[in-house]
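Q: Based on what follows, work out the 3D shape:
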Amino acid sequence: MAENGKIQLLTWMIGNQMYGADVKFCLEVQKDISVVEVPHSKKYISGIVNLRGDVVTVLDLQVLLAQKETATRERSVIIRFNSRERQVAIKADAIRDVLEIPFSKLEDAGTRLSSTETKYLPYIAYTDSTFLLILNIEELFVVK
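A: Alright, predicted model coming up:
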C-alpha cells in the first residue's frame, strides 16, 4: 500500500472522469462479464455477478454519487474489491494504470465536491494527464 510516503492506486475511467482506489483492496478486473439485474434493488445497484464462485453486488458509482438517475448497463469492465472478507464490485468503462502518488499530492476533496461525493471520494489528485478522484473503498462496504 504505502511505502516511502506514497500510495499505489488502480485507476479507471467512467465517462471522461478518472477514478482510483488503493490497490490493496483490488481483487480482480473482469472484462465483458454479464451483470444480472436484481428486481426491486436500489437504483445504484447495477446487479450481481458470479466471480469465481462468489456472487458479488455490482454498484454504479455515478448513481451512488447522485450524478445520474439510473444505472448504466453498457459499461464493460467490472472491478472487484475485497476488505475483511466483504466484497463489492463497480462498473467502469476502461482500466487505466496503477499510479504511485505521494501522500503530499493528495488534496481534500471537500472544497470541490458535495458532501455526498466526499463520503466516497475523500481525496483528489492531479496527475500529468487529468484530475483523479480517489475512492474510499471501505465506504462502499457499508452503502445503504
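Q: Let me see the mean pLDDT of stretch 55-71.
A: Stretch 55-71 shows a mean pLDDT of 85.
Q: chain center to it: distance?
A: Its chain's C-alpha centre and that of stretch 55-71 lie 10 Å apart, by Cα atoms, centre = their mean, to the nearest Å.
Q: what about the strands in this protein?
A: 2-3, 6-14, 17-22, 26-31, 45-51, 54-59, 77-83, 86-92, 94-102, 107-108, 123-126, 131-134 (DSSP state E).
Q: Return the helix or strand in this protein with minimum mean pLDDT.
A: Least confident helix or strand, the chain: strand 2-3 with a mean of 56, by mean pLDDT, DSSP states H and E.
Q: Quick check: bridge partners of residue 31?
A: With DSSP bridges as the criterion, residue 31 is bridged to residue 77.
Q: didn't it look like it was pressed against residue 76?
A: Yes: shown here, residue 31 and residue 76 form a contact pair, counting by Cβ atoms under 8 Å, at 6.0 Å. C-beta coordinates here come from the backbone N, C-alpha and C atoms, glycine included.
Q: Against residue 120, how distant is the residue nearest to residue 43 when sequence neighbours are not counted?
A: Once flanking residues are discounted, residue 43 sits nearest to residue 63: 5.3 Å by Cβ to Cβ, 6 or more residues apart in numbering. Using Cβ to Cβ, to the nearest Å, residue 63 is found at 12 Å from residue 120.
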